[in-house]
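Q: Any chance you can model this:
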Amino acid sequence: MIKRIAALTLLFLAIVAWALTGHSNYHSPLTVEVKHGKSGQSDYSVFYKNTAKIDFEIKRPDKNDTTVLLCIPAAFTTLDKYDVDGLYICKGSIGKSKRVNHHLGGGIKIMNGECTIFGTNDGKLITDSLIDAIVAAKGSFFQQICMIDSGKAAHFKPNELTYRRGIAIFNNGKTAIIESTSPIDLSTFASDAVSFGVIYLLYTDMGAWDEGWYRNPKNGDIVVLGYSKSQTDKQSNWVVFRK
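A: Just a heads-up that it's a prediction; the model follows:
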């Protein structure tokens, strides 16, 4: 009897320790963490996908849809037609422009709720065979700036300080959205992300197009993201996490 009580006590203490260290949230579809950047120029909000599914959409997600846990602008939006900038594929359908933007060096492939980020050599690696494979699998794809590829941060010329956001894949396989809480340049964003263990990072639209939102994992309330939000009505595409 004494051995049984001791075993039950140890089991109880293990469960308490497991909960206190945050492991009880491991299977939560979305968790939020704040990280301090190595540069000292910004903290970062990190939204982990966990068991949620990532997707790309060209119709504005509805905040009343409780399956949507997070929603942010994805590819750039063109200023002339307010369309998705560059080649994109949404759930197996190729965008109407069908044009590769050779000024954007990265891309993201989304299949079955998971994503792959890769450098495109300024669009040269976006081949017909790649497009055909994504379409056949009813997957999604869009172009953006590749910030980190295989753990190596890209080099950027000096640029303006503004809030930054991107889709990250960590060295432990986790996928997340990372957002700076202070204005920084692209190089700082990339180098700080590398220090967090990010091995792939794709930029997402910010500035006037930065409005997004997420569902607070604790109470389900909508929390608005973004600082400018002045061109929200002209956003053309979104990345979402769905449970």
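Q: you'd agree V68 is up against P61?
A: Yes. Between V68 and P61 there is a contact under Cβ atoms under 8 Å: 4.9 Å. Heads up, the C-betas are built off the backbone N, CA and C, glycines and all.
Q: In what element of secondary structure is the residue nearest the centre of the chain found?
A: Geometric centre of the chain, nearest residue: I167, 2.8 Å, by Cα atoms, centre = their mean. Taking DSSP states H and E as the criterion, I167 maps to strand 165-170.
Q: Same check on G107?
A: strand 106-111.
Q: Partner strands of that strand and their direction?
A: With DSSP bridges as the test, strand 106-111 is paired with strand 114-119 (antiparallel), strand 140-144 (antiparallel).
Q: Measure how that strand sits relative to strand 165-170, angle-wise.
A: 70 degrees (axes from the mean of the first three to the mean of the last three Cα atoms, to 10 degrees).
Q: Show me what counts as buried in strand 106-111.
A: Neighbour-count burial for strand 106-111 flags 106-110 (criterion: 16 or more other Cβ atoms under 10 Å).
Q: can you put those in a markdown table and add pLDDT and distance to D210?
A: Shown next, in a markdown table, are these (pLDDT from 0 to 100; distance: Cβ to Cβ, whole Å):
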| residue | pLDDT | distance to D210 |
| --- | --- | --- |
| G106 | 98 | 19 |
| G107 | 98 | 21 |
| I108 | 98 | 18 |
| K109 | 98 | 24 |
| I110 | 98 | 21 |
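Q: Looking at those residues, which is nearest A190?
A: Proximity of the buried residues of strand 106-111 to A190 (Cβ to Cβ) peaks at G106, which lies at 11.7 Å.
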